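Q: Fold the following.
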Amino acid sequence: MLQKFLILFKLGYPSFWRKKNNLIEKIIILFLLPFSLLYFLISKIIIKIKKTNKVGIPVICVGNINTGGSGKTPLVIYLTNLLKKKKVNAHIVSRGYLGKLHGPIQVDIKKHSSKDVGDEALLLAKETTTWVSKNKFEGALMAVLHGADIIILDDGLQNYSLHQDLKIIVVDGEFGFGNELPLPAGPLRESISSGIKKSDILILFNKDKNNIEKIIKNKITIIHGTSKIKNFSNLKNKKIIGFSGIGRSDKFYSALKEKKLNILKFYSYPDHYSYNKKKINSLINYAKKNNAVLVSTLKDKQRINFDQRKKIFFLDLEIEIKKEKSIIDFLKKKKFV
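A: Next comes the predicted model:
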C-alpha cells in the first residue's frame, strides 16, 4: 500500500513530507491528516493486542521512526561485521520487502532474485546468513535452529511479535523527521516520542540540519556517524549519467556532486523501483550516445538483470561510526560480546 502511494509522487519522498511546505503542499497535508489519524489509531491497537515472543538468544533491532532512506541497511551490515570481529555468529532476519516469498526461508544469492526476497535481503545475504520471513518470530526461530548466536532484526522497530533486547533507531540528520506527521501526511511510522521512549540508541548520520538533538532533549544515547561513497575514483574526469531507485535518491545525487563528478543527467525513481529491461536499455543507450558512464547504487543492482549489470558502474555506500566504542560498550553491557 505504501509503495503504491509513493509511486504516485514519482520519487521516494513526496515533497510535502519535508519540514517546510508551500501553500499547495499544506493543502495536501490537510487532506491527508484524517488518514494519518486512522493510521495512528490502528497502530496503537496493534501494539495492545500483539503478543511478544522470545527465542532464547539476543535480538538487536535496527529500525527507524521515518519510512525509508535513513541508512538502516548499511548499519545492519556494519553491525554484522562488528560482531564478526568479536567472533559472534549473527544472523539477519528481514521481511524481504516487496519480495513474493513469505518464508521463513534462507536467502540464496545464487538462486533468489529481488522479486523473490527483495533487494535489501540480497545485499544483507552477502554479509551473513539472512532469513526472509514476513513473520519475524518464525524467521528468528529458524536462525536459532541454524546456530545463530545473535539475531539482527532488519527494520523491526514497529514489529511487536518478537522481543528485542537492544533497539537502535537510525536518523538522517539532513532530513530529520520531516514535517513530523504520521503516514501518509508525513513520513512517520509512529510518533517521535514513542519511538525514542522504547529505544536504546539513536544513530545520527551526517550533519544535524534539523536540530534532532534539541528535539530529543537527552532522552536517548546519540551516536554520530557519516556515510560516504566508496570506489568512485575510477569516475574522475569522466562524464556521468546517474540513476537510482532508493529511499533518498537525492542523497545519492548529492554524494556524486560532492565528489565533483561531471554529471550530465540524473534520473530518480521510487524506492525499490522494479526496473525492466527496456528501461535499463534506454539508460544504457543514452549513456553510450553521450560517451558517458552509467552509474547507480549496489542496492539498485539487485533489481537489474544480470546481462545488463556489466554495462553499469555500481557504487557502494560506506558508513563510519565516530564513537564505535560506545556501541561496543552497549553490546558488552547487554552481554552480547
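Q: quick one: buried residues of the top strand by length along the chain?
A: Longest strand in the chain, counting residues (DSSP state E): strand 221-229. Neighbour-count burial for strand 221-229, counted by 16 or more other CB atoms under 10 Å, picks out 222, 223, 224, 225, 227, 229. Bear in mind the C-beta positions are built from the backbone N, C-alpha and C, glycine included.
Q: That one: partners in the sheet, and parallel or antiparallel?
A: Sheet pairing for strand 221-229, assigned by DSSP bridges, gives strand 201-205 (parallel), strand 317-321 (antiparallel).
Q: Run the chain-centre distance for it.
A: 14 Å (CA atoms, centre = their mean, to the nearest Å).
Q: Okay, strands next: where are they in the stretch 51-200 of the chain?
A: Taking DSSP state E, counting those that start in this stretch to define them, one finds strands in the stretch 51-200 of the chain at 59-63, 90-94, 105-106, 130-132, 150-154, 166-172.
Q: Those into JSON lines, with extra columns for mean neighbour count?
A: Formatted as JSON lines, the strands of the stretch 51-200 of the chain follow (neighbours: other CB atoms under 10 Å):
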{"stretch": "strand 59-63", "mean neighbour count": "25"}
{"stretch": "strand 90-94", "mean neighbour count": "28"}
{"stretch": "strand 105-106", "mean neighbour count": "19"}
{"stretch": "strand 130-132", "mean neighbour count": "29"}
{"stretch": "strand 150-154", "mean neighbour count": "26"}
{"stretch": "strand 166-172", "mean neighbour count": "25"}
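Q: just the CA coordinates of stretch 53-72, formatted as PDB?
A: The C-alpha trace of stretch 53-72 is given here as PDB (Å, rounded to 0.1, in the frame of the first residue of the first chain):
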ATOM      1  CA  ASN A  53       7.700 -13.800  22.000                       C
ATOM      2  CA  LYS A  54      11.300 -14.600  23.000                       C
ATOM      3  CA  VAL A  55      13.500 -17.000  21.100                       C
ATOM      4  CA  GLY A  56      16.300 -17.700  23.700                       C
ATOM      5  CA  ILE A  57      19.100 -15.600  22.100                       C
ATOM      6  CA  PRO A  58      19.700 -11.800  22.000                       C
ATOM      7  CA  VAL A  59      17.900  -9.800  19.300                       C
ATOM      8  CA  ILE A  60      19.200  -6.400  18.100                       C
ATOM      9  CA  CYS A  61      16.600  -4.400  16.200                       C
ATOM     10  CA  VAL A  62      17.700  -1.800  13.700                       C
ATOM     11  CA  GLY A  63      14.800   0.400  12.600                       C
ATOM     12  CA  ASN A  64      13.600   3.900  12.100                       C
ATOM     13  CA  ILE A  65      10.800   6.200  13.000                       C
ATOM     14  CA  ASN A  66      10.600   7.500   9.400                       C
ATOM     15  CA  THR A  67       9.900   5.400   6.400                       C
ATOM     16  CA  GLY A  68      13.000   4.500   4.300                       C
ATOM     17  CA  GLY A  69      16.100   6.400   3.300                       C
ATOM     18  CA  SER A  70      17.900   6.800   6.700                       C
ATOM     19  CA  GLY A  71      20.800   4.400   6.300                       C
ATOM     20  CA  LYS A  72      19.300   1.400   8.100                       C
END
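Q: Nearest residue to residue 172 in space, please, no chain neighbours.
A: residue 70 (4.7 Å; CB to CB, 6 or more residues apart in numbering).
Q: before we move on, what about residue 159?
A: residue 136 (5.1 Å).
Q: So the one you found versus residue 265, what's the distance?
A: 40 Å (CB to CB, to the nearest Å).
Q: The two - which one has more neighbours?
A: Applying other CB atoms under 10 Å to residue 136 and residue 265 shows that residue 136 carries more neighbours, namely 28 against 14.
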